[in-house]
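1. no FASTA, just this:
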């Protein structure tokens with residue numbers, strides 16, 4: 001009975017997480033005249049909705065928005081991981097004045113509501129003439145991704161045995177060499193996991209991008225939200241579902257392909273010996 005309950009719980013969680021995506025995919029594959037059909041399996045299957053999503057005849061630029069999302073997400077993830085690795089190492093392995101204050105500031109930044117930042121950021125970037133640039137979206141996204149990166153890696157570095165670093169120092173390595181040659185390779189699973197999470201978080205961001213981007217730099221989340229139909233009185237639900245499917249499927253495939261690395265990164269650091 002315990003095993004049955006375990007599998008029932010897993011099935012429920014899978015259904016709860018995948019049911020919206022399944023329905024989005026079913027609607028995307030259905031002819032737009034049957035968009036509101038409640039049949040729980042594919043009917044009136046067509047690929048016209050995906051063609052509409054990719055088309056630029058109605059003012060939509062879905063492929064360009066995907067490129068913008070890739071630029072913003074990759075830049076944010078790279079900067080957050082690079083800065084986060086060194087910050088996490090310093091907080092976990094070094095003693096210096098103000099360490100607790102810095103840790104508290106990072107924690108406070110991660111808890112700060114994003115909606116409260118929209119107006120001041122809009123005012124700041126407007127004064128700098130940054131509205132509609134990649135900088136206006138990458139910099140705020142780093143402020144959200146960096147605390148997550150730091151806290152994930154701090155917990156990992158704290159669990160690594162000090163003896164490894166001390167042995168390298170005894171053998172003549174500097175602190176930087178011990179970090180680069182000993183600790184950084186051991187931290188690779190955690191860094192990889194953190195990078196994936198930061199990338200997905202940035203890819204899905206909408207609120208700030210909606211206010212700070214324009215038609216040439218908007219990410220895919222904003223582009224989908226402002227999809228236009230063939231007329232002002234027809235909302236393109238089916239095309240939006242098709243665009244959402246095209247955006248979501250690569251993320252699901254990426255998580256499925258790298259699930260072992262993600263799990264190993266989240267559970268790494270429990271050194272036994």
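-> That came in fine, so what should we check first? Treat the numbers as computed from the prediction; the structure is a model and nothing was measured. Numbering: from 1, shown residues only.

2. Find the nearest non-adjacent residue to residue 204, please.
-> residue 221 (6.6 Å; C-beta to C-beta, 6 or more residues apart in numbering). The C-beta positions use only the backbone N, C-alpha and C, and glycine is treated the same way.

3. which element is that neighbour on?
-> Secondary structure assigned from DSSP states H and E places residue 221 in helix 220-225.

4. just to revisit the earlier point, how much space separates the residue nearest to residue 204 from residue 193?
-> Residue 221 sits 23 Å away from residue 193, going by C-beta to C-beta, to the nearest Å.

5. More neighbours: the two, which one.
-> residue 193 (22 against 19; other C-beta atoms under 10 Å).

6. Pull out the buried positions in the helix of greatest length in the chain.
-> Determined from DSSP state H, the single longest helix within the chain is helix 62-93. Within helix 62-93, the residues scored as buried using 16 or more other C-beta atoms under 10 Å are 62, 64-66, 68-69, 72-73, 75-77, 79-81, 84-85, 87-93.

7. Also stretch 186-202?
-> Buried residues in stretch 186-202, defined by neighbour count with 16+ other C-beta under 10 Å: 186-187, 189-199, 201-202.

8. Lowest-confidence one in these?
-> Of all those, residue 189 carries the smallest pLDDT score, 81.

9. which SS class is it?
-> Under DSSP: H, G, I helix; E, B strand; the rest coil, residue 189 falls in the helix class.

10. follow-up on the earlier one: quick one: contacts of whichever helix or strand comes after the longest helix of the chain?
-> Where DSSP H and E defines the elements, the next helix or strand beyond helix 62-93 is helix 99-111. Here helix 99-111 makes contact (C-beta atoms under 8 Å, 6 or more residues apart in numbering) with 87, 91, 143, 144, 146, 147, 148, 150, 151.
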